[in-house]
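# the following block contains a protein sequence and its predicted model.
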Amino acid sequence: MKPSAEHQLWMYEKMIEIREYEETMARIYLEGKLPPHIQKGLAFDIGAGPVPGEMHLAAGQEPVAVGVCAHLHDDDTVVGAHRPHHFAIAKGVPLKPMTAEMFGKDTGLGRGKGGHMHLFDPLHKFSCSGIIGASMPPACGAALAAKKRGKNWVAVAFFGEGATNQGAFHESMNLAALWKLPVLFVCEDNKYAISVEKSESTAVAWNADRAAAYGMPGVLVDQNDAVAVYEAAGVAIERARRGEGPTLLEVKTDRYLGHFQGDPETYRPKGEVEALRCNDPIPRLGERLRSTGLLDDARDQALRAHVSARITEAYEYGRTSPYPQPEDALLHVFN
């Protein structure tokens, strides 16, 4: 399933948007957390600055999000993991309330109560969780609901390769196969589960091979390429829409930043990130578009200017939006 010109341009623009969004957050997140604290010999202050708490960014992993989400409709469901921004952006979650949520503001998706690992947008049928492996059971639930309602909607669960060793992975795979649920399981293999290499934690070289144990197709995309992901995901999603059941799709991708911001990354070999960046998927797709006449300098510059304007506006909205009132802590919670 080859991507149309429209889909290729959409993927290119969204990858640029995701990358700039993540790199902007990487800078803002460190405000107040570095000097003068480190200069004074103090520890990295995770609670300081305008965006407190942990922050997991997805720069380098853009092809997984755009290659899959390019096939999705408004009624399809996406459930992400603790590194969720690229999936949210690709699914169409608005940047302003998403950013405000990370700043803990009242205008955020969850009124500032969830933070970046717990983004919920029912309008765009997107959610995520900080619990490892927690994307898969809810995706199965959404797929079961679609099947019972007689809809051709699909659900997508995104998760890292470390999550494949969780019980939720195996239970969800078994249930989805047994009930032939319209769900796509997408494993982002970025080599590291926090700081542990896959070879040190997982008995098989490729998690896609595990699909055979549950009677479903297992597909490996062994390159960090948006078009390759698009082609593989298209087959799996159409299969699900036809009522033929789930697929496990594994994508070998690259994480350019630490597991979390502030991660010293001492577990990585020297020069690894620099080598990975030499195969950056964004310029590679740009070169493909140029070679087919779909992109030139003028269009590229205009596209990037529009993306930058959207991101600047979103971060300004997040910074300037009001914080919730203290008494609001008791609103919108279970009693």
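Sure thing, it's come through.
# can you give me the helices for the stretch 201-335 of the chain?
Along the stretch 201-335 of the chain, the stretches classed as helices by DSSP state H, counting those that start in this stretch are 226-241, 272-277, 281-291, 297-320.
# nearest to Met55, out of those helices?
For those, the distance to Met55 is smallest for helix 297-320, at 13.3 Å, taking C-beta to C-beta. Glycine gets a C-beta too; all of them are placed from N, C-alpha and C.
# can you give me the angle that closest one makes with helix 281-291?
150 degrees (axes from the mean of the first three to the mean of the last three C-alpha atoms, to 10 degrees).
# tell me what helix 297-320 is packed against?
When contacts are defined as 3 or more C-beta pairs under 8 Å, 6 or more residues apart in numbering; DSSP states H and E, helix 297-320 packs onto helix 5-29, helix 95-102.
# so where's this protein uncertain?
Residues of the chain that meet the criterion pLDDT under 70 lie in 35-43, 335.
# I'd like the helices of the stretch 201-335 of the chain laid out as TSV, including mean neighbour count.
TSV is the format used below for the helices of the stretch 201-335 of the chain (neighbours: other C-beta atoms under 10 Å):
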stretch	mean neighbour count
helix 226-241	21
helix 272-277	13
helix 281-291	16
helix 297-320	14
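# adding distance to Ser129, write those helices out as TSV.
Shown next, in TSV, are these (distance: least, C-beta to C-beta, whole Å):
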stretch	distance to Ser129
helix 226-241	22
helix 272-277	27
helix 281-291	26
helix 297-320	21
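# give me the number of residues near Thr253?
Per other C-beta atoms under 10 Å, the neighbour tally for Thr253 reads 26.
# I'd say it and Val66 touch.
No: at 11.7 Å, Thr253 and Val66 do not qualify as touching, with contact defined as C-beta atoms under 8 Å.
# what is in contact with those two at once?
Taking C-beta atoms under 8 Å, 6 or more residues apart in numbering as the contact criterion, Thr253 and Val66 have no common neighbours.
# which ones are touching Leu303?
Tyr12, Glu13, Ile16.
# how about 6 Å then?
Counting by C-beta atoms under 6 Å, 6 or more residues apart in numbering, Leu303 touches Glu13.
# distance of it from Ala157?
Noted for Leu303: a distance of 30 Å to Ala157, by C-beta to C-beta, to the nearest Å.
# again, but for Leu123
20 Å.
# looking at these two, which one has more neighbours?
Higher neighbour count among Leu123 and Ala157: Ala157, with 31 against 10, using other C-beta under 10 Å.
# give me the residues contacting the helix or strand that that one is a member of.
In this assignment (DSSP states H and E), Ala157 forms part of strand 155-160. Here strand 155-160 makes contact (C-beta under 6 Å, 6+ apart) with 77-81, 87, 135-136, 139, 142-143, 183-186, 188.
# can you show me the helices along the stretch 1-150 of the chain?
Under DSSP H, counting those that start in this stretch, the stretch 1-150 of the chain gives helices at 5-29, 62-69, 85-91, 95-102, 136-148.
# got the buried residues for the second one?
In this case it means helix 62-69. Glu62, Pro63, Val64, Ala65, Val66, Gly67, Val68, Cys69 (16 or more other C-beta atoms under 10 Å).
# measure Arg111 to Ile132 for me?
Arg111 sits 26 Å away from Ile132, going by C-beta to C-beta.
# go on, Glu327?
34 Å.
# quick one, which of those two is more surrounded?
Neighbours were counted for Glu327 and for Ile132 using other C-beta under 10 Å; Ile132 has more, 18 against 7.
# residues contacting the closest residue in space to that one that isn't next to it in sequence?
Nearest non-adjacent residue to Ile132, counting by C-beta to C-beta, 6 or more residues apart in numbering: Ala163, 5.1 Å away. Counting by C-beta under 6 Å, 6+ apart, Ala163 makes contact with Ile132, Gly133, Phe169.
# the same query, at a cut-off of 7 Å, please.
If a contact means C-beta atoms under 7 Å, 6 or more residues apart in numbering, then Ala163 has Ala81, Ile132, Gly133, Phe169 as its contacts.
# Leu294 now?
Contacts of Leu294 were listed using C-beta under 7 Å, 6+ apart, and they are Ala5, Gln8, Leu9.
# just the buried residues of those.
Gln8, Leu9.
# hang on, the earlier thing: could the helices and strands packed on helix 297-320 be laid out in CSV, adding distance to Ala208?
Shown next, in CSV, are the helices and strands packed on helix 297-320 (distance: least, C-beta to C-beta, whole Å):
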stretch, distance to Ala208
helix 5-29, 22
helix 95-102, 31
